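# model the structure of this input:
(chains A and B)
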Amino acid sequence: MDIRNRNNIHIDLHHLTRVEGHGNIVINMNNGNLEKCDLEIVEAPRFFEAMLRGLEYGQASHLASRICGICAVTHATASLCAVENALGVHISPQTKLLRLLNLYGELLDSHILHVYMLVAPDYYGIGSVIPLAKSAPEVLLRSLRIKSLAGEICAVVCGRHTHPIKMVVGGFAQSPTTEQLINLKEKLLDIRNDIDETVELFQSFTLPVFERDTEYIALRDNHSYCLIGGNITSTDCESWSLAKYREIIREFKVAHSTAKHAQYKQNPYMVGALARFNINHDRLHIRAKSAANALGLYPKCTNPYMNTIAQVVEVVQFVEEAILTIEHLLEKGLNPEVPAMPSRSSGEGVGACEAPRGSLFHNYVIKNGFLTDANCVIPTAQNLANIEEDMRTYVPSIMDLPQAEITHRIEMLIRAYDPCISCAAHSMEVRFV
Amino acid sequence: MRQVNKPKIAFFDFAGCEGCQLTVIDSLQRHPNLLDAVEIVQFREAMSEKSDEYQIAFVEGSCTRTKDELRLKSIRKKAKYVIALGACAHLGGVNALRNWQSQEEVERYVYGAVSINHDPYPGAPIESVIPIDGFIPGCPIDREEFISCVTALLQGRRLPIPDYPVCVECKLRENVCVFNYGKSCLGPITRAGCGAICPSFGVGCDGCRGKTSSANIEGMKIALAEHGFDKHEYLSKIKLFQSYQISPNKRDTYGYQKPE
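The predicted model follows:
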């Protein structure tokens, strides 16, 4: 391959690493024309929507969590909300708080995995997190401490992070004990030091600068940094109820991907930590706000590489929110509640959550207790069209760099989105052909 | 303590949620000394480096495409031991739930009229394509069981996977039987080793670890009937993880098929 001829770039990277799932990057530039710039998704398609059909409503969340090992809790939560909305189940305030606490655990776990183990090696110039065990053991150990606590939050609330056990329609099969929550709160207070050092670490990295304005979409409600329910909200200041999700988000199939793509008003858009920050920054905890300032993240940020930084800000946010949620639960006193029952056996419902990678929708039609239709809109699938749009804008602007560097920058760009291809269908490979 | 020729281990993923690989990462966090005893040469989810020289291959996920079969056969050629990691690889798992519908119908429902050009076929365990040397069951795998299995492999021992039912572990934990709470449970016929984790949290077993070799399925159906469940309960429970074993629509090129 001739890297001196800047008018021709051929990249064909098979199986992008350090992402969840299998993807290839294919970039083909001839005589200065960008002929191909695709993120191919070659993961085996998994057909969850077809498999959800026919299940008894109580089983749906157990199957839904298996869509993804890393966002199992969010899938289960969105699935339960869809069933509950369809069958008129009204959950208790305690269940709402426990579900939020559970999500804080999952989003923390996923963000720490991404920022430390998948992204940080790029800034250390190494191929994986493993060499850090020798060169910077304190960094690795810190990430493991936070991750392990995140897993413990989920274990206390739902039995296990991958895959949740205690979460059922209407509530929880078993509530955590007061002692478990007190213990968790103490550990969360102790972890603040590690969180501060995480912010300092990411302050020390220099991220590539690439700006491209796009539409950002996240859930928003009127009182919190919204993770469950709320309205679908865009940086255009538009807002829609969840039931209208199909009107806002159009999913379609493209030839090079087993994951569907999505558009909003015919345009690609971005979901995830950066979108949540751009839309809900006014709801951040004071500690998260100061972390954002320290990290140079200001709304509206249009550099997709900064999604990693937005995740670091959310790490601060979710630790603080988890502490407040536990305090709230302890104040009210934990009750051994029985899950709420459905008030009807048929209906249609939409459930929405903010997964680590962005807004997630599950939509079920239930007849006589069994699912007859299912639709799931996955965050990574929503981001794919936007990632490709970024690539098409970015590649021509960096074509003077050596090809290996172009490949690396594009890999880092895709990685910044934290794609979860297992979820979206499922694989990445870069091909500059 | 460092050894000169450490056994080389590789991880491969097929159709699945990657939850078992995440559980492996989690296990290694708790037992970092294991990393001194082995060399991990492929683990796409966690590292960029890779080598095709390995003795032990852990395979996660189900086989769902012709190209998966080719990849599995090439792994089989290179590895001395191939171990199925988790329910998808071991049983076909949730990926076989779609086997009750025709593949055309499944594709039409999810992707519409557009052809997806990825030749997917009904989900199948990896043993339907290649012989395996063992399996670590569960959805997901149990992290301590994973460590004890790797240790056994390194010492040349048989994998310590129990062949008695979940009920044994459940009784040892002194749980009240979930049937007493009006819930159904596949514990009596399901392979133990999970510490009866689901019944311990008040949720009936879904059978993700597969059946024991002496499972009494008729007895299971009678127990369900005695507790007031209708005749469809067994099928509706068992199909979540064991559809490959019981649905008529399956693909088997190696000869795994063991009818129920």
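
# find the closest residue to chain A in the stretch 151-260 of chain B.
Taking C-beta to the nearest C-beta as the measure, the point where the stretch 151-260 of chain B comes nearest chain A is residue B:202, at 4.1 Å. In this view, the C-beta of every residue, glycine as well, is placed from N, C-alpha and C.

# sorry, slip of the keys, the one I care about is chain B.
When distances are taken as C-beta to the nearest C-beta, chain B reaches nearest to chain A at residue B:19, 2.4 Å away.

# what does the model give the spatially closest residue to that residue that is not a sequence neighbour for pLDDT?
In this structure, residue B:19 finds its nearest non-sequential neighbour in residue A:69, 2.4 Å apart by C-beta to C-beta, 6 or more residues apart in numbering or on different chains. The confidence metric pLDDT takes the value 91 at residue A:69.

# touching, residue A:69 and residue A:162? I think so.
Yes - the pair formed by residue A:69 and residue A:162 meets the contact definition of C-beta atoms under 8 Å, at 4.7 Å.

# hmm, back to that, so who does the residue nearest to residue B:19 touch?
Going by C-beta atoms under 8 Å, 6 or more residues apart in numbering or on different chains, residue A:69 touches A:162-163, A:422, B:16-23, B:140.

# with residue A:144 instead?
So, once contact is read as C-beta under 8 Å, 6+ apart, residue A:144 ends up touching residue B:29.

# if we use 10 Å, what do you get?
A:112, A:116-117, A:129, A:194, B:25-26, B:28-30, B:32 (C-beta atoms under 10 Å, 6 or more residues apart in numbering or on different chains).

# please indicate which of the residues you listed are buried?
Buried members of the contacts of residue A:144, counted by 16 or more other C-beta atoms under 10 Å in any protein chain shown: A:112, A:116-117, A:129, A:194, B:25-26, B:28-29.

# do you know how far the residue of chain B closest to chain A is from residue A:53?
Taking C-beta to C-beta, to the nearest Å as the measure, residue B:19 and residue A:53 are separated by 23 Å.

# looking at the two, which is more packed in?
Neighbour tally, residue B:19 and residue A:53, criterion other C-beta atoms under 10 Å in any protein chain shown: the higher count belongs to residue B:19, 27 against 21.

# next, residue A:262: secondary structure please.
Under DSSP: H, G, I helix; E, B strand; the rest coil, residue A:262 falls in the strand class.

# look up the closest residue to residue B:159, ignoring the ones flanking it.
Once chain neighbours are set aside, the closest to residue B:159 by C-beta to C-beta, 6+ apart is residue B:134, at 4.4 Å.

# thought that neighbour was touching residue B:89?
No - because the distance of 11.1 Å does not satisfy C-beta atoms under 10 Å, residue B:134 is recorded as not touching residue B:89.

# out of these two, which sits in the more crowded spot?
A side-by-side neighbour count of residue B:134 and residue B:89, using other C-beta under 10 Å, places residue B:89 first with 34 against 15.

# show me where pLDDT drops low in the stretch 301-433 of chain A?
Along the stretch 301-433 of chain A, the model assigns pLDDT under 70 to residues A:421-433.

# what about residue 14, neighbour count?
With no chain named, the answer covers chain A. Residue A:14 has 16 neighbours, counted by other C-beta under 10 Å.

# actually chain B
Here the neighbour count serves as a burial measure; for residue B:14 (other C-beta under 10 Å) it reads 23.

# quick one: residue A:391 is in a helix?
Yes - the secondary structure assignment for residue A:391 places it in a helix, going by three-state DSSP.

# so it versus chain B, what's the distance?
When distances are taken as C-beta to the nearest C-beta, to the nearest Å, residue A:391 and chain B turn out to be 19 Å apart.

# contact partners for that residue?
Contacts for residue A:391 were tallied using C-beta under 10 Å, 6+ apart; they are A:25-27, A:34, A:37-39, A:409-410, A:413-414, A:430.

# state the pLDDT value of the residue positioned nearest the centre of chain B.
For chain B, residue B:87 is the residue whose C-alpha lies nearest the centre (C-alpha atoms, centre = their mean; 1.6 Å). According to the prediction, residue B:87 has pLDDT 98.

# repeat for residue B:118
Taken from the predicted model, the pLDDT recorded for residue B:118 is 63.

# and if you look at residue B:258?
For residue B:258, the model assigns a pLDDT of 51.

# please apply the same query to residue B:51.
Note on residue B:51: pLDDT of 81.

# who touches it in this structure?
Neighbouring residues of residue B:51 by C-beta under 10 Å, 6+ apart: B:8, B:10, B:39-42.

# take those residues and lay them out in JSON lines including secondary structure, pLDDT and neighbour count.
Below are the contacts of residue B:51 laid out as JSON lines (DSSP: H, G, I helix; E, B strand; the rest coil; pLDDT from 0 to 100; neighbours: other C-beta atoms under 10 Å in any protein chain shown):
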{"residue": "B:8", "secondary structure": "strand", "pLDDT": "94", "neighbour count": "19"}
{"residue": "B:10", "secondary structure": "strand", "pLDDT": "95", "neighbour count": "23"}
{"residue": "B:39", "secondary structure": "strand", "pLDDT": "90", "neighbour count": "17"}
{"residue": "B:40", "secondary structure": "strand", "pLDDT": "89", "neighbour count": "24"}
{"residue": "B:41", "secondary structure": "strand", "pLDDT": "88", "neighbour count": "18"}
{"residue": "B:42", "secondary structure": "strand", "pLDDT": "84", "neighbour count": "20"}
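
# surely residue B:193 and residue B:135 touch.
No - assessed by C-beta under 10 Å, residue B:193 is found out of contact with residue B:135, at 11.0 Å.

# identify the contacts common to the two.
With C-beta under 10 Å, 6+ apart applied, the overlap between the contact sets of residue B:193 and residue B:135 consists of B:141, B:149, B:161, B:209.

# out of the helices and strands in chain B, which is least certain?
The helix or strand with the lowest mean pLDDT-type score in chain B, counting by mean pLDDT, DSSP states H and E, is helix B:103-111 (a mean of 84).

# list the buried residues in that one.
Along helix B:103-111, the positions that meet the burial threshold by neighbour count (16+ other C-beta under 10 Å) are B:103, B:106-107, B:109-111.

# need the residues you listed in a markdown table (columns: distance to chain A).
As requested, these are arranged in a markdown table below (distance: C-beta to the nearest C-beta, whole Å):
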| residue | distance to chain A |
| --- | --- |
| B:103 | 9 |
| B:106 | 4 |
| B:107 | 8 |
| B:109 | 5 |
| B:110 | 5 |
| B:111 | 5 |
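
# okay if I get those as JSON lines plus distance to residue A:200?
As requested, the buried residues of helix B:103-111 are exported to JSON lines (distance: C-beta to C-beta, whole Å):
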{"residue": "B:103", "distance to residue A:200": "52"}
{"residue": "B:106", "distance to residue A:200": "49"}
{"residue": "B:107", "distance to residue A:200": "50"}
{"residue": "B:109", "distance to residue A:200": "49"}
{"residue": "B:110", "distance to residue A:200": "45"}
{"residue": "B:111", "distance to residue A:200": "46"}
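
# farthest pair in the contacts of residue A:144?
When those are compared pair by pair using C-beta to C-beta, the two farthest from each other are A:194 and B:28, 19.8 Å apart.

# neighbours of residue 62, how many?
Answering for chain A, as no chain was given. Applying other C-beta under 10 Å, we find 24 other residues in the vicinity of residue A:62.

# let me rephrase: I mean chain B.
When neighbours are counted by other C-beta under 10 Å, residue B:62 comes out with 31.

# who's it bridged to?
Legend: beta-bridge partners of residue B:62 under DSSP bridges are residue B:15.

# how about the contacts made by it?
Contact partners of residue B:62, counting by C-beta under 10 Å, 6+ apart, are A:44, A:46, B:14-16, B:68, B:84, B:86-96, B:122-126, B:128, B:244.

# and the pLDDT at it?
At residue B:62, the predicted lDDT confidence score is 96.
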